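Peer 1: below is the sequence, then the predicted model.
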Amino acid sequence: MPQEFTPGSLFNSRPNDDRTESSAPMGGPYGNRSESGDSRISRETGDLLGNPNRPNTAPDPKIVPDWVHEMVPIDRPIAILDLEATGVAAHRDRIVEISVLKIFPDGRKILRHKRVNPGIPIPPEATDIHGIHDQDVANEPEFKYVASSLAELLDGCDLAGFGIVQYDLPMLRAEFERAGIDFPVEGRRIIDAKSIYHLMEPRNLSAAHLFYCGEPFNAAHSAEADTLATYRVLVQQLKRYPELPHTIDELHRVSNPRQADFIDSEGKLIWRNHEVSFNFGKHKGVPLREVIENDYEYIRWLIAKDFRADLKNVLAAALEGRYPTPRIPLPVDLGNGS
């Protein structure tokens, strides 16, 4: 069971606080706070939590440069955040790790990093991604005990992250809602580095042809030209990457990594934590067994609707107590945009 924690004390520390990060129980590799070597990192607003795996405990200018502040002047703090969780379904999964880099308009920076107990088992496929096991967070606080201080840390901030729009922000809002903490997003500006990456570095055939073949491809969207260009790209990919498999079966597996966890042809049911789980609808992320126990009529409704036969066959068999078994090793990629 997690220890009891005083709300509002783990992310924000003040000179008069009796409970700064150094006095709060910190499990795993994260130790006590250290004094910052950067004069712009205010001691009153807190230094980052010490991590013995890093040589410096203050944000190193080489790691956290000033170019954001110098190239894009900010008129209020911006918080760059990243979350690790038990999965990607905000309504069902839970956060296990939080990191926030808060940058002020005057260039000061503070970094906060905290693991939390999700209160549910961490699936093996999630651990394969972030390396956090149940025992690593067993003595950490649950999110509700750090929610107030985290909300205070983020108060008045614009937000940024890599994939924040589709993953981090929905997950964070769901956790705040469960904790009963108001976390308004309206009025905040959200900067998503992943969206900018996809905007500025197109991932289309023309871009691939230029990258792999060294010359522009100006006849895009002519079927014959696209066919020949695709052939040239494939040949150059096999030449460039010796680590790629050179069998059709293995290239198929590389080309369709997410299909490995599909149970039906469209991936509406997938393998998750060795359980057949929904990947769509109101029960997305919930095991099929659990849905049958708690919402039997929903399964009957799906069978009567216009879905593919392979999905309806799996659902009908499950109503009779017959469930699929994995045919191939389960994938470890959660697809969280990191």
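Peer 2: Sure, I can see it. Numbering: from 1, shown residues only.
Peer 1: burial count for Tyr197?
Peer 2: 12 (other Cβ atoms under 10 Å). Just so you know, the C-beta spots here come from the backbone N, C-alpha and C atoms, and that holds for glycine as well.
Peer 1: before we move on, what about Gly161?
Peer 2: There are 24 residues near Gly161, going by other Cβ under 10 Å.
Peer 1: contacts only, for the closest residue to it other than its chain neighbours.
Peer 2: Nearest non-adjacent residue to Gly161, counting by Cβ to Cβ, 6 or more residues apart in numbering: Asp168, 4.9 Å away. Contact analysis of Asp168 by Cβ atoms under 8 Å, 6 or more residues apart in numbering lists Leu81, Asp82, Leu83, Gly161.
Peer 1: what pLDDT does the third one get?
Peer 2: Translated: Leu83. Per-residue pLDDT puts Leu83 at 95.
Peer 1: so what strands line up beside the host helix or strand of it?
Peer 2: Leu83 is part of strand 78-85 when elements are defined by DSSP states H and E. Partner strands and pairing direction for strand 78-85 (DSSP bridges) are strand 95-103 (antiparallel), strand 158-161 (parallel).
Peer 1: ok so, going back, in TSV: the contacts of Asp168, plus distance to Arg173.
Peer 2: Shown next, in TSV, are the contacts of Asp168 (distance: Cβ to Cβ, whole Å):
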residue	distance to Arg173
Leu81	12
Asp82	15
Leu83	11
Gly161	13
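Peer 1: can you name the two of those that are farthest apart?
Peer 2: Leu83 and Gly161 (8.4 Å; Cβ to Cβ).
Peer 1: what about the helices in this structure?
Peer 2: 67-71, 124-130, 143-154, 169-179, 193-200, 205-213, 223-240, 248-255, 288-294, 296-304, 309-319 (DSSP state H).
Peer 1: for those, which one sits closest to Ile103?
Peer 2: Once the helices of the chain are compared by Cβ to Cβ, helix 67-71 is nearest, at 6.4 Å.
Peer 1: ok so, going back, nearest to Gly107 among the contacts of Asp168?
Peer 2: Checking these against Gly107 by Cβ to Cβ gives Leu81 as the nearest, at 19.0 Å.
Peer 1: picking that back up, which one of the contacts of Asp168 is nearest Leu154?
Peer 2: For the contacts of Asp168, the nearest to Leu154 is Leu81 (7.8 Å; Cβ to Cβ).
Peer 1: distance check, the closest residue to the closest one other than its chain neighbours against Ala151.
Peer 2: In space, and not counting its chain neighbours, Leu81 is closest to Val100: 4.8 Å by Cβ to Cβ, 6+ apart. Between Val100 and Ala151 the distance is 11 Å, computed by Cβ to Cβ, to the nearest Å.
Peer 1: these two: which is more packed in?
Peer 2: Val100 (22 against 19).
Peer 1: pick out whichever of the contacts of Asp168 sits closest to Arg289.
Peer 2: Using Cβ to Cβ, the contacts of Asp168 come closest to Arg289 at Leu83, 27.9 Å.
Peer 1: that closest one against Asp93, yeah?
Peer 2: No: here Leu83 lies out of contact with Asp93, judged by Cβ atoms under 8 Å, at a distance of 10.1 Å.
Peer 1: on that earlier part again, now render the helices of the chain as TSV, adding mean pLDDT.
Peer 2: Formatted as TSV, the helices of the chain follow (pLDDT from 0 to 100):
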stretch	mean pLDDT
helix 67-71	62
helix 124-130	90
helix 143-154	96
helix 169-179	94
helix 193-200	90
helix 205-213	92
helix 223-240	92
helix 248-255	83
helix 288-294	94
helix 296-304	94
helix 309-319	93
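Peer 1: mean neighbour count, these: which tops it?
Peer 2: Highest mean neighbour count among these (mean count of other Cβ atoms under 10 Å): helix 143-154, with a mean of 22.
Peer 1: on contacts alone, who are the packing partners of that one?
Peer 2: strand 78-85, strand 95-103, helix 169-179 (3 or more Cβ pairs under 8 Å, 6 or more residues apart in numbering; DSSP states H and E).
Peer 1: and it with strand 95-103, angle?
Peer 2: Going by axes from the mean of the first three to the mean of the last three Cα atoms, to 10 degrees, helix 143-154 is angled at 10 degrees with respect to strand 95-103.
Peer 1: sorry, back to before: which of the strands paired with strand 78-85 sits closest to Val137?
Peer 2: strand 95-103 (5.7 Å).
Peer 1: now the angle from that closest one to helix 169-179?
Peer 2: Using the same axes, to 10 degrees: strand 95-103 against helix 169-179 is 110 degrees.
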